[in-house]
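Undergrad: Just a sequence and a predicted model for now, questions to come.
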Amino acid sequence: MNSRVNRADVMNDLITSVGGSVHLPGSDTTCNSAAERRTTLLVKCRNTNEVRLAVRAARLRNFPLAVRGAGHDWVGRSSNHDRMVIDLSAMRRVTVDPITRIATVEGGATAADVINAARPYGLVAVTGNVGAVDIAGQTLGGGYGPLTPKFGLALDNLVNAEVVLDDGSLVTVIAQLFALGNPLFSNVGMMSYADMLARFDVCAVNGRSYAVQTRWLADMSCESVTALLAAGNTRPSATSGIYVQHFHGAGTRIATSSSAFGLRRRHFLIEIVGSWDPDTGDDGAAYRQWARGLSSSLAPSAIPGRYANLLAADAFEQIDAAYGCNALRLRRLKRRFDPDGAFSGRNSPLPLNQGS
Ligand SMILES: Cc1cc2nc3c(=O)[nH]c(=O)nc-3n(C[C@H](O)[C@H](O)[C@H](O)COP(=O)(O)OP(=O)(O)OC[C@H]3O[C@@H](n4cnc5c(N)ncnc54)[C@H](O)[C@@H]3O)c2cc1C
């Protein structure tokens, strides 16, 4: 592929057809400054129709695609330099139907956008812990959060999704709903949910550099607790941290095959986040080493696989275990709906072929 020629052609097509805001290469703002941040071509779509036109323009010229929600993927999957990035940050509209308790959410809306839209009705959405993360981005791979024990993952509360396919066509996918019998939203008392999430905003400072490792643990064994405490006591910076999410309750009662999420048994998700200031010129080696060190210490008692939304770029051997018994089915769907890998970046959490 000659990307220079293609880029000019695609750009012209986009300007005439999409009319959205089209940007040429440059560095841009994603959450992790240690991840790749250069984009070749970025189109900021304002509605679904513009997304469809952008996909068609790219596919017509055989130009590969990436999609960006809120840009919080820690290895920069939404900023690939050899792809056209469809940026959804101008599509953040959320409407809430208080009778059905269903929110209709555009692809670029953040968790905070959904929570703020629900608040006037005394309702709250099932989201991850940080308001700035895109609700669609986290829902794609799971979405662990404070309400998970009661209502499952963000993914478990999906009712349906409009999906733009690789030819620009639009389909509606009905989520295979589980038998929780719980609403999408629920009242919470004492502290507002938005305030609760705001406490985690310090973890989501854009522009810092991050090295992330995750582990799934079946339980907190003495060895694991000892390793966690030791790593906690040797954090390489005050902004580095270890976050523990306890997956239990509602989410464990859902059949593994009813969604893409691979691990339905009770477990702890351990997120190890080394964080440093890129302006100091630090190469981050000590932070990566700290995160890898704890990950290795936890390995003997860990469940195989890692959380798909936080997979490392080179963790190909982890992909199948991340999706568990769903991996084969997901690959089949991927081959059916994206046979050319138009949406598969080099760091795709679900590449067409293992090791690609
Ligand atoms: C500070 C921080 C806190 C986090 N906290 C949690 C947490 O509490 N719980 C949890 O489960 N996870 C958490 N995560 C992980 C988070 O779920 C993933 O990083 C998620 O993929 C980020 O989505 P995004 O859209 O913001 O990022 P992006 O980088 O924009 O997108 C991530 C991936 O999703 C794809 N994508 C995003 N939106 C769409 C869309 N509308 N259509 C198609 N593809 C799309 C992108 O192409 C990319 O591959 C956290 C991450 C960070 C950085």
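TA: In hand now; what should we look at?
Undergrad: just the helices in the protein please.
TA: 3-17, 48-60, 111-118, 135-141, 148-151, 193-198, 222-233, 285-298, 316-323, 327-337 (DSSP state H).
Undergrad: What residues of the shortest one count as buried?
TA: Residues T148, P149, F151 are the ones in helix 148-151 that count as buried (16 or more other CB atoms under 10 Å). All C-beta spots, glycine's among them, are computed from the backbone N, C-alpha and C.
Undergrad: which secondary structure elements does it contact?
TA: Using 3 or more CB pairs under 8 Å, 6 or more residues apart in numbering; DSSP states H and E as the contact definition, the elements that helix 148-151 packs against are strand 241-247.
Undergrad: So in that sheet, which strands flank the strand it packs on, and in what orientation?
TA: strand 267-276 (antiparallel) (DSSP bridges).
Undergrad: could you check the angle helix 222-233 makes with the strand it pairs with?
TA: Put simply, strand 267-276 runs at 20 degrees to helix 222-233, going by axes from the mean of the first three to the mean of the last three CA atoms, to 10 degrees.
Undergrad: I'd like the mean pLDDT over strand 267-276, please.
TA: For strand 267-276, the mean per-residue pLDDT is 96.
Undergrad: Is the ligand within reach of that strand?
TA: No. Counting by CB under 6 Å from any ligand atom, the ligand has no neighbours in strand 267-276; the shortest distance is 7.6 Å.
Undergrad: winner for burial among the helices of the chain?
TA: Most buried of the helices of the chain, by mean neighbour count (mean count of other CB atoms under 10 Å): helix 135-141, with a mean of 25.
Undergrad: Contacts for that one, please.
TA: 69-70, 72-73, 88, 105, 107-111, 113-114, 125, 127-128, 143, 154-155, 158, 260-261, 307-309, 349 (CB atoms under 8 Å, 6 or more residues apart in numbering).
Undergrad: any low-confidence regions in the stretch 101-250 of the chain?
TA: Scanning the stretch 101-250 of the chain for pLDDT under 70 picks out 176-191.
Undergrad: Report the separation between the residue of it found nearest the ligand and G71.
TA: Using CB to the nearest ligand atom, the single residue of the stretch 101-250 of the chain nearest to the ligand is G137, 2.1 Å away. Here G137 is placed at a distance of 9 Å from G71 (CB to CB, to the nearest Å).
Undergrad: same deal with Y193?
TA: 23 Å.
Undergrad: ok, which residues in the chain are in contact with the ligand?
TA: 31, 66-74, 77-78, 88, 107, 128-130, 133-134, 136-138, 140-145, 203-204, 309-310.
Undergrad: Which of the residues you listed fall in strands?
TA: Within the residues of the chain next to the ligand, residues falling in strands by DSSP state E are A66, V67, R68.
Undergrad: Buried subset of the residues you listed as a ChimeraX selection?
TA: Entered in ChimeraX, the line below selects the buried ones among those, by 16+ other CB under 10 Å:
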select :66,67,68
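Undergrad: residues contacting the nearest residue to A342 once chain neighbours are set aside?
TA: Excluding the flanking residues, the one nearest A342 by CB to CB, 6 or more residues apart in numbering is D166, at 4.6 Å. With contacts defined as CB under 8 Å, 6+ apart, D166 is in contact with V55, R59, F337, D338, P339, D340, A342, F343.
Undergrad: tell me the two of the residues you listed that are most distant?
TA: In the contacts of D166, two members sit farther apart than any others by CB to CB. They are V55 and P339, at 14.6 Å.
Undergrad: Walk me through the domains of this structure.
TA: Using automatic domain parsing, the domain ranges for the chain come out as 3-90, 94-198, 208-330.
Undergrad: hmm, back to that, now tabulate the buried residues of helix 148-151 in a markdown table and tack on distance to S17.
TA: Converted to a markdown table, the buried residues of helix 148-151 look like this (distance: CB to CB, whole Å):
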| residue | distance to S17 |
| --- | --- |
| T148 | 41 |
| P149 | 46 |
| F151 | 41 |
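Undergrad: wait, which of these is closest to R119?
TA: The closest of those, once distances to R119 are taken by CB to CB, is F151, at 16.9 Å.
Undergrad: my read: that closest one touches L158, true?
TA: No. With contact defined as CB atoms under 8 Å, F151 does not count as touching L158 (11.8 Å).
Undergrad: what separates A315 from V105, distance-wise?
TA: 29 Å.
Undergrad: Actually, V273.
TA: For V273 relative to V105 (CB to CB), the value is 26 Å.
Undergrad: Those two: which has the busier surroundings?
TA: V105 (24 against 21; other CB atoms under 10 Å).
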